[in-house]
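**Student:** build me a structure from this.
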Amino acid sequence: MMRTIFALCLGLIPLAAAGADALSANAKGAGDATTLTAALMQGIPQGFPRFKFAADPAAAAAAAGKANAERARLLTHYLWHHFDTRLGNTKTLFNKEYLTIADMWLGGAADKRLGKSIQEVHRDELTGILLDAEGYVHTHQHPSHAHEHGWPFPLWTQAAPSPEEILGNAVGWHFNEQGKGWAMDPLRIWAKNPLLPRYIGEAATQGWELDNLKSLGVKEGKWQLESTGPSPALVTPAGFEFDTVNAPFMQLRWTRTGTPPNHVLPYLEWLREGDTEFGPDRRACIYSPPEEAEAYWGAKLSMVELYRHPLWKGKIKRVRLSLAPGESGVKFAIDSFFTQYDTRHSINNPIYILACWNYFRWTGDLPFLQENISRMRLALRYQQTVMGGLQYNRIRNPWPGHDSLPGYVKDAAGRITPHSGHGIGNNYYDLLPFGWDDMYSTSQYYAATVAMADAEQAVRDHPGWGMPLGALALDPAELRTHAARVKETANRLFWNDRTGRFNGSIDPNDKAYDYGFTFLNLDAIWYGIATDEHARAIMDWIDGRRIVAGDTSTGADIYHWRFGPRATTLRNLDWYGQGWTHPETIAWGGQVQDGGAVLGFSFYDLWARLKVNGPDDAWQRLCGLLDWEKEVWTAGGYRKYYEGGVRGTTLQGGGTAGGLGIDFEFYESSLVPSIVVYGFMGLDPQADALALDPRLPKACPEMTATNLLYRNVSLDVKASNRAIEINVKDEPVDPLAMRLTGDWTLAGTGRRGADFALPHKGNYRFERRP
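**Tutor:** Here you go, the predicted model:
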């Protein structure tokens, strides 16, 4: 739902929907399967990648060949459709790994809004992503009243199940009645209740104590104040207590005239229960670093980090804002002042590292690597130190509220006891309180550590690249040794022997949480952190060969949604963060994070099947997905297919909630066709070569992908288990290095081995030796 609002903010949803509807009409009007897929192929640019699938010569040639040709057209259209209807590429961090997997190999793919190739778009976005002074990578989500560098919720208005219970937990004053942001909607409703405190508009100015300040009222959406003497200050009204558990940060949104002399900082002080006077021992400076969202809000966004202060404890009675120490003659305009949760995401840093490495592996862009290698190192150092990677050989999240504890509990009668300030989300699955000892984050930490080992090794193997080393440089051998320890720890600590799969996280009370997270377990196989034994157990469970007693979904029902497995296989009515207090009101499968599914993550299912079960099983699953895709477009497209919930749920996205994430803001749907490139055809771009290791199924012994872009050179690649043909369509600046697995010969040359160079435009055929 969060990404839906982001898309609406961009104003791009109608554009994407219109394009999809027009295509749906064309496809729905088509007759037989060949006509349908031909209609779907219309409008795909000539230079965009296309797939071709051959058939098993031993099968009924005509029927099998026709079926595989249709599958190739369906997958080609799928690739184009999910790229072309994307709402707009931005610096939003959570999907950067997904998109660099899906996009970096695409030739002829341009962002129509920006007028750039998708590779250049990703370059700009990755270079523009911000890291704070400690090394944390910003989330770059849409504007909110949550942490500026984190996820857009929870908000202070969600500190209790009802507005009557907010007081004493969290607090905020928002002086613009027409203000933007999610917090404003409940506040405008609360303002109609005369029994509730005044949090909004002119009424929110009442009760403040002004010291050398006078109020000019609320004008232009801000409380206007003017100093009447030196060191103007204001104190929050009495009776608005709040708990520091719900206030690791406070934020002041404001402007002022002039510039402080001698770089003097404003500050805030506080009174706890029992304190009678403000004092410098309970003081925190107010910084105003430039924030991307300032233009959106029309104010400086000054976040004050308070949770590390040893005296920021218990209940806070009042807060004093000293806005201009030592100054007079200053005017101020305050938009709002409120408590903030720490909504940062522990997955940001590894996602950033993996996305940067994905970009470099395909492009060989040395200026990009030179500009970002030390940022990547700093991002990993943050995970190693602040996130406990080196100390615990896993991620243990120390941030306030990221403790894996649910944000509330219910008694037998269904009465809710809130645990506000706990169970803050950490990742893509934003309703679920992953955290503390966190397998989701540990998997990505492991992968980022391996990627950085590869990057550091490449830097040392190629001194001519001129890459910086210095204080932040990491030793590749030490990184690999540490990665092995992380893998051992994860398989020992997080593995659930009873269910035969990984727990999601473990809270400070040593309680582990396992709701049959298919996404987490498939990720573990993708990242290589699962042992072979555990990977086999995972696939036996997801495949339905092994039944987990007590699960809501078992056997064939795990694939109830057909295109891929449910996100979870055990109904979850208890383990959520605050603000999601009535999951029982949504049917099983009606929410993506509780029995629903995300289409794009079928890529990880296909990858795991290829790795664990082999290419025949992975191909069979891909065929099942494409059968579903054909039905979808015969019905007129995704929205038409699921319209009205006739298939058991509705789609999330485009302003609606639902159980399936397929279109609109679910850009990760673009992942699925990559199983052909990375999986069956076995392309693996490395720092200095393109590795190939085909694993083709019997029913499709030859696959072709055209218009692949590698090192800015367009390639057509045809692969079978015995031969690889590469058509180099552009003259490369430097010879393209190819690294094949096994013993091969380059036809027509007599050259034999595994490493080859393609120096010029033209056709190259490699044949595997027996």
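**Student:** quick one, phi/psi of Asp510?
**Tutor:** For Asp510, the backbone dihedrals (degrees, to the nearest 10) come out as phi 70, psi 20.
**Student:** run through who's touching stretch 543-552.
**Tutor:** Here stretch 543-552 makes contact (CB atoms under 8 Å, 6 or more residues apart in numbering) with 499-501, 516, 537, 540-541, 554-559, 569-571, 588, 595, 613. C-beta coordinates here come from the backbone N, C-alpha and C atoms, glycine included.
**Student:** in space, what's closest to Tyr382 - neighbours in sequence excluded?
**Tutor:** Excluding the flanking residues, the one nearest Tyr382 by CB to CB, 6 or more residues apart in numbering is Gly135, at 3.5 Å.
**Student:** neighbours of the one you found, just the number please.
**Tutor:** Neighbours of Gly135 under the rule other CB atoms under 10 Å: 19.
**Student:** for Gln141, same thing?
**Tutor:** Using other CB under 10 Å, Gln141 has 26 neighbouring residues.
**Student:** phi and psi next, for it.
**Tutor:** phi -90, psi -180.
**Student:** hmm, Trp151 and it touching each other?
**Tutor:** Yes - the pair Gln141 / Trp151 is scored as a contact, 6.0 Å apart, by CB atoms under 8 Å.
**Student:** pLDDT value on Leu10, please?
**Tutor:** Looking at Leu10, its pLDDT reads 34.
**Student:** go on, the one 4 residues further on?
**Tutor:** Note on Pro14: pLDDT of 37.
**Student:** ditto for the one 3 residues further on
**Tutor:** Ala17 is assigned a predicted lDDT (pLDDT) of 42.
**Student:** and if you look at Ile5?
**Tutor:** At Ile5, the model reports a pLDDT of 37.
**Student:** tell me, what residue is most central in the chain?
**Tutor:** Taking CA atoms, centre = their mean, the centroid of the chain lies closest to Phe94, which sits 2.0 Å from it.
**Student:** ranges for the strands of the stretch 251-400 of the chain?
**Tutor:** 267-272, 283-285, 300-305, 315-322, 331-340 (DSSP state E, counting those that start in this stretch).
**Student:** right, so of these, which gets closest to Thr649?
**Tutor:** Minimum separation from Thr649 across these (CB to CB) falls at strand 331-340, 34.0 Å.
**Student:** next, the angle from the closest one to strand 315-322.
**Tutor:** Using axes from the mean of the first three to the mean of the last three CA atoms, to 10 degrees, the inter-axis angle of strand 331-340 relative to strand 315-322 is 160 degrees.
**Student:** strand 331-340 pairs with which strands?
**Tutor:** Using DSSP bridges, the strands paired with strand 331-340 are strand 172-174 (antiparallel), strand 222-227 (antiparallel), strand 249-256 (antiparallel).
**Student:** may I see the buried residues of the longest one?
**Tutor:** To tie it back to what came earlier, the one meant is strand 249-256. The neighbour-count check on strand 249-256 (16 or more other CB atoms under 10 Å) flags 249-254, 256 as buried.
**Student:** kindly export stretch 133-144 (C-alpha atoms) in CSV.
**Tutor:** Taking C-alpha atoms only, stretch 133-144 is exported to CSV below (Å, rounded to 0.1, in the frame of the first residue of the first chain):
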residue,chain,number,x,y,z
ALA,A,133,27.4,10.5,8.1
GLU,A,134,27.5,7.1,9.8
GLY,A,135,27.1,5.1,6.6
TYR,A,136,23.4,4.3,6.7
VAL,A,137,21.8,4.3,3.2
HIS,A,138,18.7,6.4,2.9
THR,A,139,15.4,4.8,1.9
HIS,A,140,14.4,7.5,-0.5
GLN,A,141,10.7,6.8,0.0
HIS,A,142,8.0,9.4,-0.5
PRO,A,143,7.4,12.3,1.9
SER,A,144,5.8,11.4,5.3
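**Student:** average pLDDT across that stretch?
**Tutor:** 95.
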